[in-house]
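Visitor: Quick one: sequence plus predicted model below, questions after.
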Amino acid sequence: MTSTENTAPNLSEDDPIKVLFDMASYWATIWSFIALCIWLEHQVLRRLDIESGSLEVAILLVSTPAIFLATVPRIQKNPKARLILERARYVVVLVAAALLGAYLHAPPQRRFV
(Lines give C-alpha, C1' and ligand atoms only; values in the text may rest on other atoms or scores of the structure.)
Protein backbone atom coordinates (compact mmCIF):
# COMPACT_ATOMS: atom_id res chain seq x y z
CA MET A 1 0.00 0.00 0.00
CA THR A 2 1.35 3.40 -0.92
CA SER A 3 1.46 6.31 1.46
CA THR A 4 -0.31 9.45 0.32
CA GLU A 5 1.35 11.76 2.81
CA ASN A 6 4.06 13.12 0.52
CA THR A 7 2.36 13.06 -2.86
CA ALA A 8 2.09 16.86 -3.11
CA PRO A 9 5.01 18.44 -4.96
CA ASN A 10 7.48 20.30 -2.80
CA LEU A 11 7.65 23.96 -3.79
CA SER A 12 10.88 25.71 -3.03
CA GLU A 13 11.21 29.47 -2.64
CA ASP A 14 12.67 29.88 -6.14
CA ASP A 15 10.12 27.69 -7.93
CA PRO A 16 8.82 29.68 -10.95
CA ILE A 17 5.20 28.72 -10.32
CA LYS A 18 5.34 29.88 -6.71
CA VAL A 19 7.09 33.11 -7.67
CA LEU A 20 4.51 33.78 -10.39
CA PHE A 21 1.60 33.09 -8.02
CA ASP A 22 3.13 35.29 -5.33
CA MET A 23 3.65 38.22 -7.70
CA ALA A 24 0.24 37.87 -9.35
CA SER A 25 -1.61 37.58 -6.04
CA TYR A 26 0.37 40.49 -4.55
CA TRP A 27 -0.51 42.85 -7.41
CA ALA A 28 -4.09 41.57 -7.66
CA THR A 29 -4.57 42.38 -3.99
CA ILE A 30 -3.14 45.87 -4.35
CA TRP A 31 -5.22 46.64 -7.44
CA SER A 32 -8.37 45.25 -5.85
CA PHE A 33 -7.79 47.56 -2.88
CA ILE A 34 -7.35 50.48 -5.28
CA ALA A 35 -10.52 49.48 -7.15
CA LEU A 36 -12.41 49.37 -3.86
CA CYS A 37 -11.16 52.86 -2.98
CA ILE A 38 -12.17 54.18 -6.41
CA TRP A 39 -15.60 52.59 -6.11
CA LEU A 40 -16.09 54.17 -2.68
CA GLU A 41 -14.96 57.52 -4.06
CA HIS A 42 -17.40 57.15 -6.95
CA GLN A 43 -20.21 56.47 -4.47
CA VAL A 44 -19.27 59.58 -2.49
CA LEU A 45 -19.27 61.68 -5.68
CA ARG A 46 -22.71 60.32 -6.55
CA ARG A 47 -23.99 61.18 -3.07
CA LEU A 48 -22.64 64.72 -3.48
CA ASP A 49 -24.62 65.01 -6.74
CA ILE A 50 -21.58 65.56 -8.92
CA GLU A 51 -23.14 64.47 -12.20
CA SER A 52 -20.59 65.98 -14.58
CA GLY A 53 -18.85 63.05 -16.22
CA SER A 54 -15.70 64.97 -17.11
CA LEU A 55 -15.29 66.32 -13.59
CA GLU A 56 -15.79 62.86 -12.12
CA VAL A 57 -13.27 61.34 -14.53
CA ALA A 58 -10.76 64.09 -13.72
CA ILE A 59 -11.14 63.48 -9.98
CA LEU A 60 -10.77 59.72 -10.42
CA LEU A 61 -7.73 60.12 -12.72
CA VAL A 62 -6.00 62.20 -10.08
CA SER A 63 -6.99 60.02 -7.15
CA THR A 64 -5.99 56.65 -8.68
CA PRO A 65 -2.22 57.37 -8.85
CA ALA A 66 -2.43 59.11 -5.48
CA ILE A 67 -4.00 56.04 -3.86
CA PHE A 68 -1.44 53.80 -5.57
CA LEU A 69 1.52 55.94 -4.48
CA ALA A 70 0.19 56.12 -0.94
CA THR A 71 -0.56 52.40 -0.68
CA VAL A 72 2.48 50.61 -2.10
CA PRO A 73 5.24 52.29 -0.01
CA ARG A 74 3.16 51.92 3.15
CA ILE A 75 2.72 48.19 2.52
CA GLN A 76 6.42 47.77 1.80
CA LYS A 77 7.51 49.62 4.97
CA ASN A 78 4.93 48.47 7.51
CA PRO A 79 5.28 44.82 8.64
CA LYS A 80 1.70 44.72 9.92
CA ALA A 81 0.35 45.92 6.56
CA ARG A 82 2.51 43.34 4.81
CA LEU A 83 1.08 40.60 7.05
CA ILE A 84 -2.46 41.74 6.25
CA LEU A 85 -1.59 41.68 2.55
CA GLU A 86 -0.14 38.17 2.88
CA ARG A 87 -3.35 36.93 4.45
CA ALA A 88 -5.74 38.82 2.18
CA ARG A 89 -4.17 37.84 -1.12
CA TYR A 90 -5.48 34.28 -0.99
CA VAL A 91 -9.01 35.59 -0.45
CA VAL A 92 -8.57 37.98 -3.39
CA VAL A 93 -7.44 35.15 -5.64
CA LEU A 94 -10.45 33.02 -4.59
CA VAL A 95 -12.88 35.89 -5.19
CA ALA A 96 -11.31 36.63 -8.59
CA ALA A 97 -11.60 32.96 -9.55
CA ALA A 98 -15.25 32.87 -8.44
CA LEU A 99 -16.07 36.02 -10.41
CA LEU A 100 -14.32 34.69 -13.49
CA GLY A 101 -16.19 31.40 -13.18
CA ALA A 102 -19.52 33.21 -12.79
CA TYR A 103 -18.73 35.36 -15.82
CA LEU A 104 -17.75 32.41 -17.98
CA HIS A 105 -20.83 30.40 -17.00
CA ALA A 106 -23.27 33.29 -17.50
CA PRO A 107 -25.48 33.24 -20.57
CA PRO A 108 -24.09 35.40 -23.40
CA GLN A 109 -26.82 38.05 -23.06
CA ARG A 110 -25.94 38.58 -19.38
CA ARG A 111 -22.23 39.22 -19.90
CA PHE A 112 -20.85 42.72 -19.52
CA VAL A 113 -19.05 42.86 -22.87
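Guide: Right, received. Where do you want to start?

Visitor: could you show me where the strands are in the protein, in order?
Guide: For the chain, strands defined by DSSP state E do not occur.

Visitor: Going by neighbour count, list what's buried in the top helix by length along the chain.
Guide: Secondary structure of the chain per DSSP state H: the longest helix is helix 16-47. Along helix 16-47, these residues count as buried under the neighbour rule (16 or more other Cβ atoms under 10 Å): 25-26, 29-30, 32-34, 37, 41, 45. No exception for glycine: its C-beta is placed from N, CA and C like everyone else's.

Visitor: do the same with stretch 46-62
Guide: I59.

Visitor: Ends of it, what's the gap?
Guide: The separation between the terminal residues of stretch 46-62, taken as Cα to Cα, to the nearest Å, is 17 Å.

Visitor: Contacts for that stretch next, please.
Guide: If you take Cβ atoms under 8 Å, 6 or more residues apart in numbering as the criterion, stretch 46-62 is touched by 38, 41-42, 45.

Visitor: If we only consider those residues, which is nearest to L83?
Guide: Using Cβ to Cβ, the shortest approach to L83 within those belongs to I38, at 24.6 Å.

Visitor: what sits against that closest one?
Guide: Under the criterion of Cβ under 8 Å, 6+ apart, the neighbours of I38 are 60, 63-64, 67.
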